[in-house]
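Participant: Fold the following.
(chains A and B)
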Amino acid sequence: MDNGYAIETRGLNLWYGDFQALFDVDLGVKKGIITSMIGPSGCGKTTLLRTCNRINERLGYVRTTGNVFVLGHDIFADDVEIVQVRKEVGMVFQRPNPLPISIRDNVLFGFRLHEARMRKVPAGEEAAVLESALRQVLLWDAVKDRLDQPATGLSLEEQQKLCIARLLPVKPEVLLMDEPCSALDPAGTEAVEEMIWQLRGDYTILIVTHNMAQARRASDECVFMLLGKIIEHGRTEEVFLNPLNSETADYIEGRYG
Amino acid sequence: MFAATSLNRRSYRNQAVAKAVFGLMTVALVIPVLVILGALIVRGGPAISWEFLFTPPVNGMTEGGILPALIGTIWLVVVALIASVPIGIAAALYLSEYAPDNFLTRTINLAIINLAGVPSIVHALFGVGAFVLFFRFGTSILAASLTLAVMTLPVVIVATRESLQAVPQAFREACWNMGATRWQTIRKVVLPNSVSGILTGVILEVSRAAGETAPIMFTGAAAYLMFLPQSVFDQTMAMSLHLYVIATQQPSVPEEIPYGVALVLISIVLLMNAISIAFRVYLRGLKKW
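Facilitator: Numbers count the residues shown, from 1 in each chain, chains lettered A, B, ... in the order given. Below you'll find the predicted structure:
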C-alpha cells in the first residue's frame, strides 16, 4: 500500500489516563518533504509526534485507539517489533542528548547495534558510515580531528547535529523532531535549520516547533493543531498567507498561543 | 532612612542564635568519633605490631596476635560479597530499569527497606534456621557469610538503585530511540555510568559485614580455633567476635590487646570507606555530563 504517505494516522485518539490528548486525528505526512506542526502549548503536537514511533507507551497510563501507518504498515499491529519501528522512525529531542561516550561511538551506536551484529562489517565500512553520517549533518569538518573525544564536550548546536547524525547509519525513512532548535541560540538554530533543509528529499521529516517563523521558512507543509485536533493542514505558504480557518489565522497573527 | 530598626536587630540576634545552635550540634556529631578514635589509638596503639597482625593468639588469648581472626574476617567478607553482590545488583537493575511502577514493585521496595531495619540478632537466628540447619551447612564460613549477605543485601540494592536512577533519563531515551533493547541500554550506557555508585555500595557492605558480630556468632564464627579455615565449610575466628570474647569472656587479657583488636577492626572499616570515597571521586572525574 503506497499512497505517497510516510506517516498516516486514521481516527487516532489518545488518552493520558482520563485526559484525552488527541481527538480523531487524520493526518497524512507526505514522503520526502518537511512537514511542520505548529500550535499552542498542550495542543498535542508532541504527543502526536511521539505516537509515530511508539515512544509514548513507555508511560503505562497511555491508551490509544485508531491506526498509525508508517510506510503503509500499521505500527500498532500485533506482529510489529518496536525495535524495527524505531529503526525506520528516528527521533530528535528538544534538548540534545548525546551519550557520554566519544563522538565516533555515538554516531556508530545504532549501526553497531543493528548492522554489526547481523553480518561481518568489512574494515573501513565503519569509518565510511561515520564520515557519511557526519557529512550529511554538516558536522564532519568541525569534528573530523576529534572523533574520539567525548560528545558531551561539543557545543549544543553540534550536539544536536550529532544526535541527528547518529540516527542516519541505520537508514531510517522518517525523522521526527521535537522542537530541535529550542535549546539553541539564533546562530545554532540557523545552522541546524540549514542542515535539516539539506536532509530534505532523503528523509521524510516531521518537525514540531513553537517558532512560527521557523515553520514558515523551513517546511513544505504545515499542520496547525489546537486542543488535540488538527485544524488545518496544507502547503506552508497557503497556511500562513491564506488560512482557511479563523482559529489558524488568529494563532498565526499571534492573538493567542 | 536605611538605618537598622529594633525589629531588624532582633531578627539578627535570633539568626545568630540559630546559627550557633546548629553549628554546635554539628560539632557535637564529630566529638564521639574523635573520642573513640583517640582512645583506641592511645590505648591500643602500643599493641599493634607486625607480630600482632601475623601471629595467632597464644596462652588462652592473653598473648600473641590476631592472625586467624583477621584471615577469618576476610573469608567471611569475601564469601558474603560473592553471594550478595550479584543478587543485589541484579535486583536493583530489575527494580530500576524493568519493573513497572505498580503495587507489587512498591511492596518489594518496602520489603527491602524493612529488611535493612531488621535487627542483626534476628538475622543471626534466621541464619541458624535457614543455613546451618535447613540447608545443613553446619556452623561454617558458608552459613555465616550467607547470613551476612542477607543482612547486607539492602545496602547493595539501595546504593545500586540510587546510582542507576542518577543516570539521566535522556541517555536511556537516546538508546531506545536508536532501537536498543533495555538490556543493550543497560549494558552500554546505564551500567558504565553508574559503576562508581555501585562500587560505593559494595564497599559500604564490606565495612558493614566486617564489623558485625551477632549474625556470625551462631552461624560460623568460633571463639578460639587452633587452625586456619581451609574451606567454606570450616568454622573460623573473626575480628568482631574475637574482640567480644577477649573483652568480656576472657579474664586476665592485658588491656591493650582488646583495644588493639578494636583499632585494627575500625582501621579496616575506615580504610574501606576511604577507598570508596577516593574511587568515587576518581570515577566522577571521568564522567562528562
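
Participant: residues contacting the most centrally placed residue in chain B?
Facilitator: What sits nearest the mean C-alpha location of chain B, by Cα atoms, centre = their mean, is B:Arg208, with 2.6 Å. With contacts taken as Cβ atoms under 8 Å, 6 or more residues apart in numbering or on different chains, B:Arg208 has the following neighbours: B:151-152, B:155. For the C-beta atoms, the positions are set from N, CA and C on the backbone; glycine is no exception.

Participant: Of those residues, which is the most crowded?
Facilitator: Scoring these on neighbours with other Cβ atoms under 10 Å in any protein chain shown, the highest-scoring entry is B:Thr152 at 30 neighbours.

Participant: ok, that one touching B:Val202?
Facilitator: No. At 9.5 Å, B:Thr152 does not count as touching B:Val202 under the criterion of Cβ atoms under 8 Å.

Participant: Give me the common contacts of those two.
Facilitator: With Cβ under 8 Å, 6+ apart as the test, B:Thr152 and B:Val202 reach no residue in common.

Participant: For the residue nearest in space to the middle of chain A, which residues are in contact?
Facilitator: Against the mean C-alpha coordinate of chain A, by Cα atoms, centre = their mean, the closest residue is A:Leu176 at 1.2 Å. By Cβ under 8 Å, 6+ apart, the contact set of A:Leu176 is A:49-50, A:52-53, A:89-92, A:206-207.

Participant: and which of those residues is nearest chain B?
Facilitator: The nearest member of those to chain B, counting by Cβ to the nearest Cβ, is A:Met91 at 4.8 Å.

Participant: how about the closest one, secondary structure?
Facilitator: On the three-state scheme (DSSP: H, G, I helix; E, B strand; the rest coil), A:Met91 is labelled strand.

Participant: Okay, and the beta partners of it?
Facilitator: Each beta-bridge partner of A:Met91 is listed here, defined by DSSP bridges: A:Leu176.

Participant: Next, count neighbours for it.
Facilitator: Residue neighbour count, defined by other Cβ under 10 Å, stands at 24 for A:Met91.

Participant: A:Met37 now?
Facilitator: Neighbourhood size, A:Met37 [other Cβ under 10 Å]: 28.

Participant: next one: B:Ile198
Facilitator: B:Ile198: 22 surrounding residues under other Cβ under 10 Å.

Participant: Can you tell me how far it is from B:Val206?
Facilitator: Computed with Cβ to Cβ, to the nearest Å, the distance linking B:Ile198 and B:Val206 is 13 Å.

Participant: cool, B:Leu53 as well?
Facilitator: 19 Å.

Participant: Tell me which of these two has more neighbours.
Facilitator: Set side by side, B:Leu53 and B:Val206 show more neighbours around B:Val206, with 23 against 13, by other Cβ under 10 Å.

Participant: any idea of the mean pLDDT for the host helix or strand of the more buried one?
Facilitator: Assigning secondary structure by DSSP states H and E places B:Val206 in helix B:191-211. This predicted structure assigns helix B:191-211 an average pLDDT of 85.

Participant: May I have the predicted confidence score for residue 46?
Facilitator: You didn't pick a chain, so chain A it is. Turning to A:Thr46, the model gives it a pLDDT of 88.

Participant: Hmm, no, I was thinking of chain B.
Facilitator: The per-residue pLDDT of B:Pro46 was computed as 87.

Participant: How many residues are close by it?
Facilitator: B:Pro46: 14 surrounding residues under other Cβ under 10 Å.

Participant: Do you have the helices of chain B handy? List them.
Facilitator: All helices of chain B, identified by DSSP state H, fall at B:6-44, B:50-54, B:67-93, B:103-117, B:120-127, B:141-165, B:169-177, B:182-185, B:191-211, B:214-217, B:239-244, B:256-286.

Participant: do you know which of the ones you listed lies nearest A:Ile101?
Facilitator: With Cβ to Cβ as the measure, helix B:191-211 is the member of the helices of chain B nearest A:Ile101 (8.2 Å).

Participant: what angle separates the closest one from helix B:141-165?
Facilitator: 140 degrees (axes from the mean of the first three to the mean of the last three Cα atoms, to 10 degrees).

Participant: Identify each buried residue in helix B:191-211, please.
Facilitator: Across helix B:191-211, burial judged by 16 or more other Cβ atoms under 10 Å in any protein chain shown covers B:191-194, B:196-211.

Participant: Give me the distance from stretch B:185-192 to the chain's centre.
Facilitator: Mean C-alpha position of stretch B:185-192 versus that of the full chain (Cα atoms, centre = their mean, to the nearest Å) differs by 26 Å.

Participant: can you list the domain ranges for chain B.
Facilitator: The record assigns chain B these domain ranges, following automatic domain parsing: B:6-47, B:50-286.

Participant: ok, which residues in the stretch 151-257 of chain A are in contact with chain B?
Facilitator: Listed as neighbours of chain B in the stretch 151-257 of chain A under the rule Cβ under 8 Å from any Cβ of the partner chain: A:152-153, A:163, A:166-167, A:170.
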